[in-house]
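# structure of the sequence below:
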Amino acid sequence: MAVSEQAGGAGLPHPDVPPAPGGTLAQYADRLKSQGVACALTAGGSQLWIPGARGELMRLPMTCSETVEPAAARDLLRLPGVWVLSYLVVPGPAERANCFLYVCRDAEYHMDRLRKNARKVLKRGFRNFVVRRCTWDEIAEKGYAAKAETDERHGYPPPPRESVPAFVGVRRHSPFHEAWGAWRGDDLAAWITLVKVDHWAEFEVAPSRTAAMPLAPNNILRYECLRSLLVDEKRSEVVTGVSAVRLGSDQRSMHEYNTRIGFEAIPMRRVFVPHPLLAPFLRPRLAYGMLRRLSAARPASALLAKVAGMAGILSGGMEEPLAWADAPPTSDENGD
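Have a look, this model is predicted:
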């Protein structure tokens with residue numbers, strides 16, 4: 001089992017947690033359906049549509065860039081609770097990039113291949129924490145504080161106490177899911193869950209304690225997971241998601257953080273296909289202007305900021321969606 005050797009203080013014994021083996025996309029779809037998750041395997045079994053944010057259906061693998069035919073989109077929008085489809089395509093002259101997809105494909109991924117400031121931050125993290133795979137019981141028992149504080153930083157209301165045990169419940173015994181944690185004694189400063197399918201893997205959620213962030217638990221978690229997935233398991237690629245669509249989010253610092261730790265930022269075009277009943281409230285530029293003003297008046301609402309950002313893309317009102325990428329570098333080294 002991969003465990004960082006650096007001291008993080010005495011605490012809980014280290015359980016011998018084996019890596020999750022993963023499986024095929026079809027097997028992943030079968031597991032989700034057996035748990036009552038509304039999902040759809042399409043394109044000859046090469047694409048899986050799963051729930052993303054509230055009311056959203058997103059496509060896996062995220063590196064897929066095929067266009068979606070209107071008839072297929074209509075069928076997907078008929079699934080229960082689905083109000084918008086979200087997927088990525090390669091940008092072109094008429095449809096410019098509006099997001100970055102963060103992917104790491106370095107088969108020889110190692111600290112020595114990262115930039116000097118990244119190595120410095122990782123060494124700080126390893127001086128303060130022990131990184132290892134975790135049992136799902138550990139996440140259920142110790143993971144709430146990190147989840148609640150992360151939601152607060154993102155502008156979401158505090159989650160109920162039972163949210164983390166419920167999250168764990170659908171992943172326990174799953175061959176596709178794996179959990180890692182950064183420990184300081186018996187305190188879980190940060191944790192991350194992985195999804196392993198076919199030859200690729202994705203970072204799923206990565207909450208952390210706010211007070212611990214200057215000590216870089218997020219950085220060392222991602223580093224150890226990338227080493228395990230790309231070097232030990234020889235997976236071809238690991239995805240950590242796309243740049244945020246919501247207005248007012250600190251995209252620049254997260255962009256720097258992801259690229260510093262070894263992810264490539266690939267310009268892509270994020271396509272949103274809203275439900276016919278929702279489209280009239282998102283497509284007009286007038287609607288975007290109104291939502292943008294509402295979001296500015298209620299900056300603590302992450303959901304409103306995301307809807308406003310989506311309207312900006314759908315209406316064409318967000319003329320320079322990646323303008324933030326040209327902003328001066330920030331000093332945030334420790335992730336979100």
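# hey, let's count contacts and neighbours off CA atoms from now on
Noted.
# secondary structure class for the residue nearest the centre of the chain?
Against the mean C-alpha coordinate of the chain, by C-alpha atoms, centre = their mean, the closest residue is residue 241 at 4.5 Å. Classification of residue 241 using DSSP: H, G, I helix; E, B strand; the rest coil returns strand.
# stretch 290-305: end-to-end distance?
12 Å (C-alpha to C-alpha, to the nearest Å).
# what's stretch 91-109 in contact with?
63, 90, 226-227, 230-231, 234-245, 258-259, 262-270, 313, 320-322 (C-alpha atoms under 8 Å, 6 or more residues apart in numbering).
# point out where this structure drops to low pLDDT.
Residue ranges of the chain with pLDDT under 70: 1-14, 248-249, 329-336.
# change it to 90
1-16, 38, 43-44, 52-54, 80, 93-96, 153-158, 244-253, 281-336 (pLDDT under 90).
# picking up where we left off before, and the residue nearest to the centre of the chain, bridged to which residues?
residue 102 (DSSP bridges).
# distance of it from residue 165?
24 Å.
# cool, residue 197 as well?
In terms of C-alpha to C-alpha, residue 197 sits 23 Å off from residue 165.
# looking at those two, which has the bigger crowd around it?
residue 197 (22 against 19; other C-alpha atoms under 10 Å).
# report the contact partners of the more buried one.
22, 23, 24, 25, 28, 176.
# excluding chain neighbours, what is closest to the first one?
By that I understand residue 22. Leaving aside its sequence neighbours, residue 22 sits nearest to residue 176 (C-alpha to C-alpha, 6 or more residues apart in numbering; 4.3 Å).
# repeat for the fourth one
Computed as C-alpha to C-alpha, 6+ apart, the closest residue to residue 25 that is not its neighbour in sequence is residue 197, at 5.9 Å.
# partner residues bridging that neighbour?
residue 200.
# for residue 192, which three-state class applies?
strand.
# tell me the contacts of it?
179, 180, 181, 203, 204, 205, 206, 207, 221.
# now with 10 Å, please.
By C-alpha atoms under 10 Å, 6 or more residues apart in numbering, residue 192 lies in contact with 133-134, 139, 143, 178-182, 203-208, 218, 221-222, 225.
# try residue 260
Neighbours of residue 260 in contact, by C-alpha under 10 Å, 6+ apart: 114, 115, 116, 117, 118, 119, 219, 254, 333.
# now do the fifth one against residue 31, distance only.
Summarising the geometry, the distance separating residue 118 from residue 31, computed by C-alpha to C-alpha, is 38 Å.
# which one's more surrounded, those two?
More neighbours surround residue 118 than the other of residue 118 and residue 31, with 21 against 16 (other C-alpha under 10 Å).
# which stretches in the protein count as strands?
40-42, 47-51, 56-60, 84-89, 99-104, 130-133, 177-184, 187-197, 200-203, 237-242, 264-274 (DSSP state E).
# can you show me the helices along the stretch 151-300 of the chain?
163-169, 217-226, 251-260, 285-297 (DSSP state H, counting those that start in this stretch).
# can you lay out those helices as a markdown table showing distance to residue 71?
As requested, the helices of the stretch 151-300 of the chain are exported to a markdown table (distance: least, C-alpha to C-alpha, whole Å):
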| stretch | distance to residue 71 |
| --- | --- |
| helix 163-169 | 33 |
| helix 217-226 | 38 |
| helix 251-260 | 34 |
| helix 285-297 | 26 |
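# winner for burial among those?
helix 217-226 (a mean of 25; mean count of other C-alpha atoms under 10 Å).
# can you pull the contacts of the closest residue in space to residue 142 that isn't next to it in sequence?
In space, and not counting its chain neighbours, residue 142 is closest to residue 188: 6.1 Å by C-alpha to C-alpha, 6+ apart. Neighbouring residues of residue 188 by C-alpha under 10 Å, 6+ apart: 129-131, 138-139, 141-146, 181-182, 208-209, 212, 217.
# from residue 139, how far off is residue 188?
8 Å.
# before we move on, what about residue 270?
32 Å.
# and for residue 307?
31 Å.
# how about residue 266?
32 Å.
# neighbour count winner among these two?
For residue 266 versus residue 139, neighbours defined as other C-alpha under 10 Å are more numerous around residue 139 (22 against 15).
# show me the contacts for the more buried one.
164, 165, 167, 168, 179, 180, 181, 188, 190, 191, 192, 193.
# need the contact list for the nearest residue to residue 140 once chain neighbours are set aside.
Once flanking residues are discounted, residue 140 sits nearest to residue 165: 4.7 Å by C-alpha to C-alpha, 6+ apart. With contact set as C-alpha under 10 Å, 6+ apart, residue 165 has these partners: 136, 137, 139, 140, 141, 142, 143, 144, 171, 172.
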